[in-house]
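**Q** Fold the following, please.
(2 chains)
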Amino acid sequence: MARLPHYVQLVLFKAYAELRAEATRAYLGFLWWFLEPVMYMCVFYLIFEIGLRSGGKDFVPFLMCGMVAWKWFGSTVSASAGSLTKHAGLIQQVYLPKIILPLVTVVSNTVKSSVIMTLLLILLVVPFGRTPAATWFFVPVLVAVEFLLIAGAAVFVASLVPFAQDLKLLLDNALMMLFFMSGIFFDINRMPDDVQQLLRYNPMAVVIDAYRSVLLRDSLPEMGGLVFVLLVATFFMLTGSAVFARFDRVYPKIISR
Amino acid sequence: MSGHPVLTMKDVGVCYFRKRGFLKRQKIWAVRNVSLDVRHGETLGVIGRNGVGKSTMLKVMAGIMNPDAGVITNYGGYSVSLLALQVGFLPYLTGRENVFLSGMLLGMTRTQIAEKMSEIISFSELDDAIDYPVATYSLGLKARLGFSISFHADPDVLLIDEVLGVGDAQFRVKSAAAMRSKIRSNKTVVLVSHNLETIEEMCERVVWIENGTTRAIGTTADVLRAYMSQVKGRAVPDPAD
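**A** I've put the predicted structure just below:
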């Protein structure tokens, strides 16, 4: 483990390099880090607010909190599932601890999401006229909890997908199901008690509700829920790292170029 | 000049699974039974026909893959790696950024790379182009940069699979000459080549691999003589084949 500082540097530099490459490639460069999520939110806004007329005055901030938190989770987990396959050539040429690859995806997506998160906070104040309350100081804690959940889930899926690429298809559908069950479009607090109980087994539903509690309802989230999220994150991280440790020098063989 | 063993392989085997229809897999041994030792400061040549498992064997030596059978021992934490060119290059980054990225992937720390940067740039003869995106490079420029990085990575044990020189005629001569002098120095090298003259010129000992098995290992002269006589025997088509 003497190489640990080197590998930390490698994760950070590779993440930086991928972000740079992404920003240089597109004509509008890193503006896309704003535009893409904004467009994504607009689509849902149009459908719900104008199309289905199911919104209310506070629906847009409500929706945005959910979408921003979800986008970070969903796109990172989905992208890290393919992170080993994407680097098939690389891992056949040099030895690397493979766990580095999903972590690079986590870091680069986190940088992109921090841009959106900041945008969200500004939008809540300026057009939507919310006054930042003391509970907003709790946002960094929620960001940290969500980060750990994302890192755990990313490592977990990345460790398993190479064994059967079919899992990637399964994962994308599972993510879509979670997307609709995380209370992005509805308030889980308004569901009947038994349904609520069930929905709260989904860590992202807990995280999203916690963001709303802090940002929109000026109250601290329920701590038990956050502890549950951390337990899930730990489980994913430990299982995923164990699989990576066991199969570190087997992946290059099962991933063909 | 050659000394204590740095790396030994004993009865090493590597198998792959090939898909055969729905949920059916077939086991294929790419390397069956390789035993060899690499000694400090020597150049060990590896010969054998295509597809006998030489490249897989190098991957096991480099620690990229675990063997499925047998044991590989590294005496004292030597760094062992393949001479891999243009590792992890991202086309939209500049040459300089790619030196960092590729160098770190090859195991160099950021500080080591920063120290060697001017040497890497001057060896590659890229001059100002080093700060242009690699996407704007010609194949030749890219090859020069890739070679220069890998050449300076310098692991304890260097594994070379055929490549000695790259790029246009002039750079090919220069890079091959640099590589040859590195191989001839007191560097521990494992060299796979189909060019028997290169093997004869560079290697103190040679291992001959056939069907994933060590057929012979010994001094270059002995093993090459045995190999040549077998190859000649094969030149006459065998009616039983």
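
**Q** can we go C-alpha only for contacts and neighbour counts from here?
**A** Fine.

**Q** tally of neighbours for residue A:243?
**A** Number of residues near residue A:243 (other CA atoms under 10 Å in any protein chain shown) recorded here: 17.

**Q** Report the contact partners of it.
**A** With CA atoms under 8 Å, 6 or more residues apart in numbering or on different chains as the criterion, the residues that contact residue A:243 are A:159-160.

**Q** Tell me which helix or strand it sits in.
**A** Using DSSP states H and E, residue A:243 maps to helix A:223-247.

**Q** same deal with residue B:15?
**A** strand B:5-19.

**Q** What are the buried residues along whichever helix or strand comes after that strand?
**A** Downstream of strand B:5-19, the first helix or strand assigned by DSSP H and E is strand B:25-39. By 16 or more other CA atoms under 10 Å in any protein chain shown, the buried positions in strand B:25-39 come out as B:29-39.

**Q** just these that are near chain A?
**A** Among those, no residue is within reach of chain A (CA under 8 Å from any CA of the partner chain).

**Q** shouldn't residue B:5 be in contact with residue B:42?
**A** No: Residue B:5 is beyond contact range of residue B:42, at 9.8 Å (criterion: CA atoms under 8 Å).

**Q** what about those two, which has more around it?
**A** A direct count of neighbours by other CA under 10 Å for residue B:5 and residue B:42 places residue B:42 higher, at 25 against 15.

**Q** that older thread, need the CA coordinates for whichever helix or strand comes after the helix holding residue A:243. PDB is fine.
**A** Scanning forward in sequence from helix A:223-247 by DSSP H and E, the next helix or strand is helix A:251-254. Output of helix A:251-254 as PDB, limited to C-alpha atoms (Å, rounded to 0.1, in the frame of the first residue of the first chain):
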ATOM      1  CA  TYR A 251     -10.500  -8.800 -14.900                       C
ATOM      2  CA  PRO A 252      -8.000  -8.300 -17.800                       C
ATOM      3  CA  LYS A 253      -8.700 -11.900 -18.800                       C
ATOM      4  CA  ILE A 254     -12.400 -11.700 -18.800                       C
END
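
**Q** Stretch B:39-47: how far from the chain's middle?
**A** 12 Å (CA atoms, centre = their mean, to the nearest Å).

**Q** how long is that stretch end to end?
**A** Terminal residues of stretch B:39-47 are spaced 18 Å apart (CA to CA, to the nearest Å).

**Q** How about residues contacting it?
**A** For stretch B:39-47, the external contacting residues (CA under 8 Å, 6+ apart) are B:1-7, B:38, B:54, B:183-194, B:199, B:202-209, B:220.

**Q** Now do it, average pLDDT.
**A** Stretch B:39-47 comes out with an average pLDDT of 93.

**Q** Ok, stretch A:214-230 next?
**A** On average, stretch A:214-230 scores 93.

**Q** pLDDT value on the nearest residue to residue B:143 once chain neighbours are set aside, please?
**A** In this structure, residue B:143 finds its nearest non-sequential neighbour in residue B:167, 5.7 Å apart by CA to CA, 6 or more residues apart in numbering or on different chains. Residue B:167 carries a pLDDT value of 81.

**Q** helix, strand or coil for residue B:55?
**A** Classification of residue B:55 using DSSP: H, G, I helix; E, B strand; the rest coil returns helix.

**Q** For the nearest residue to it once chain neighbours are set aside, name its beta-bridge partners.
**A** Leaving aside its chain neighbours, residue B:55 sits nearest to residue B:161 (7.1 Å; criterion: CA to CA, 6+ apart). For residue B:161, the beta-bridge partners under DSSP bridges are residue B:192.

**Q** can you tell me which residues contact residue B:161?
**A** For residue B:161, the contacting residues are B:55, B:82-83, B:191-193, by CA under 8 Å, 6+ apart.

**Q** Burial check on residue A:246, number of neighbours?
**A** Applying other CA under 10 Å, we find 11 residues neighbouring residue A:246.

**Q** So for it, what's the pLDDT?
**A** 96.

**Q** Out of the contacts of stretch B:39-47, which end up buried?
**A** Applying 16+ other CA under 10 Å to these flags B:6-7, B:38, B:54, B:183-184, B:187-193, B:199, B:202-209, B:220 as buried.

**Q** give me the low-pLDDT residue ranges for the chain?
**A** No chain specified, so I'll use chain A. Chain A contains residues with pLDDT under 70 at A:1, A:49, A:51-57, A:257.

**Q** let's do chain B instead
**A** Within chain B, the ranges that satisfy pLDDT under 70 run B:1-2, B:234-241.

**Q** where does it come near chain A, residue by residue?
**A** Residues of chain B lying near chain A (CA under 8 Å from any CA): B:16, B:59, B:62-66, B:81-82, B:84, B:87-88, B:90-93, B:97, B:101, B:104-106, B:109-110.

**Q** Where does the stretch 101-250 of chain A get nearest to chain B, which residue?
**A** Using CA to the nearest CA, the closest approach of the stretch 101-250 of chain A to chain B is made by residue A:249 at 4.5 Å.

**Q** so how many other residues sit close to the residue found closest to that residue once you drop the neighbours it is linked to in the chain?
**A** Nearest-residue entry for residue A:249: residue B:65, 4.5 Å, with adjacent residues in sequence omitted and distances by CA to CA, 6+ apart. Using other CA under 10 Å, residue B:65 is surrounded by 24 other residues.

**Q** Tell me the secondary structure at residue B:65.
**A** coil.

**Q** my read: it touches residue A:253, true?
**A** Yes: using CA under 8 Å, residue B:65 makes contact with residue A:253 at a distance of 6.9 Å.

**Q** The residue in the stretch 51-200 of chain A that chain B sits nearest to sits in which helix or strand?
**A** Proximity of the stretch 51-200 of chain A to chain B (CA to the nearest CA) peaks at residue A:95, 4.8 Å away. Per DSSP H and E, residue A:95 falls between elements, in no helix or strand.

**Q** Find the nearest non-adjacent residue to it, please.
**A** Counting by CA to CA, 6+ apart, the nearest residue to residue A:95 once its immediate chain neighbours are dropped is residue B:64, at 4.8 Å.

**Q** Against residue B:106, how distant is the one you found?
**A** 12 Å.

**Q** what's the overlap in contacts for the two?
**A** What both residue B:64 and residue B:106 touch, as defined by CA under 8 Å, 6+ apart, is the set residue A:94.

**Q** Excluding chain neighbours, what is closest to the spatially most central residue of chain B?
**A** Residue closest to the average C-alpha location in chain B (CA atoms, centre = their mean): residue B:160, at 2.2 Å. Here the nearest residue to residue B:160 in space, its sequence neighbours aside, is residue B:191; by CA to CA, 6+ apart that works out to 4.9 Å.

**Q** Now do the contacts for the residue nearest to residue A:249.
**A** A:249-253, B:59.

**Q** now do 10 Å
**A** Applying CA atoms under 10 Å, 6 or more residues apart in numbering or on different chains to residue B:65 gives the contacts A:91-92, A:94-95, A:247-253, B:14, B:56-59.

**Q** Got phi/psi on it?
**A** Main-chain dihedrals, residue B:65, degrees, to the nearest 10: phi -120, psi 150.

**Q** and if you look at the one 3 residues further on?
**A** In terms of degrees, to the nearest 10, the main-chain angles of residue B:68 are phi -90, psi -10.

**Q** Number of residues surrounding it?
**A** Around residue B:68 there are 16 residues (other CA under 10 Å).

**Q** The spatially closest residue to it that is not a sequence neighbour and residue A:9, how far apart?
**A** Leaving out its chain neighbours, the residue that sits closest to residue B:68 by CA to CA, 6+ apart is residue B:14, at 5.0 Å. Using CA to CA, one obtains 32 Å as the distance from residue B:14 to residue A:9.
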